[in-house]
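*Asks:* the sequence isn't on hand, but the structure is:
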């Protein structure tokens, strides 16, 4: 009878130990799973949370924050190119303006890429452009780091003209004159301005001008300058000696 009781006690003791062992294994598995979960959350939070915090720290209230897991698909605003003169006699011109900070500015000349440059942290950009003779149409686009492109900027037109305006005398100026005033008659290209001895004269719609110049006794220098819209100039210089005589105004063809 004692032997049977001892056997029964041994069975219960074995069962209790086995149950305890299973609980220990289950607890170990739970601890291992919890540890792995915590590590995963920490690592994931680091790689996903830091970029978000960086966006929040670098941006202002008006900045766009890209949602996690998505890409930037918003196009930058079109660049603003600073104004240029209508005409120039210089082949190389400086192109400057404003655009999205850090974007690449692609400048085109007559629909062909001329150069590209980066907008600085303040959104400013600049670059040199070599013009061609005649009309030059300039525009630009901005491209951000994600490859999004803006619409075209406002087009600017500038004419490159390195040729001086025409300038001829319709009546030759004599070297000797006996009147106190002489009338200068000439013609230049349409739209050009004319000065005679630093005085601007009237030029009609066909480029013709005439202007009376008062002479002093002795030698008188006469300097005629035509200037076009691109600031090109052409000059004619003459010297007239006033020998005295009648004080009436006379044209250059009267001698």
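*Replies:* Structure's in. What do you need? The structure presented is a predicted model; accordingly, all values stated were derived computationally and were not measured.

*Asks:* how about the strands in the stretch 151-255 of the chain?
*Replies:* Counting by DSSP state E, counting those that start in this stretch, the stretch 151-255 of the chain has strands at residues 156-160, 167-169, 176-177, 181-188, 193-196, 199-201, 208-214, 218-227, 233-242, 250-251.

*Asks:* counting contacts, what elements does the fifth one pack onto?
*Replies:* Using 3 or more C-beta pairs under 8 Å, 6 or more residues apart in numbering; DSSP states H and E, the elements in contact with strand 193-196 are strand 181-188, strand 199-201, strand 208-214, strand 218-227. For every residue, glycine as well, the C-beta is placed using N, CA and C.

*Asks:* in its sheet, what does that strand sit against?
*Replies:* strand 199-201 (antiparallel), strand 218-227 (antiparallel) (DSSP bridges).

*Asks:* kindly report the same for the second one.
*Replies:* Using DSSP bridges, the neighbouring strands of strand 167-169 in the sheet come out as strand 181-188 (antiparallel).

*Asks:* in the strand it pairs with, what's buried?
*Replies:* 182, 183, 184, 185, 186, 187, 188 (16 or more other C-beta atoms under 10 Å).

*Asks:* still on that earlier bit, deepest of the strands of the stretch 151-255 of the chain, which one?
*Replies:* Comparing those by mean neighbour count (mean count of other C-beta atoms under 10 Å), strand 181-188 ranks first with a mean of 20.

*Asks:* that older thread, now the strands of the stretch 151-255 of the chain as CSV including mean pLDDT and distance to residue 145?
*Replies:* Below are the strands of the stretch 151-255 of the chain laid out as CSV (pLDDT from 0 to 100; distance: least, C-beta to C-beta, whole Å):
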stretch, mean pLDDT, distance to residue 145
strand 156-160, 97, 27
strand 167-169, 97, 55
strand 176-177, 94, 74
strand 181-188, 97, 54
strand 193-196, 98, 50
strand 199-201, 97, 54
strand 208-214, 96, 59
strand 218-227, 97, 48
strand 233-242, 96, 48
strand 250-251, 46, 72
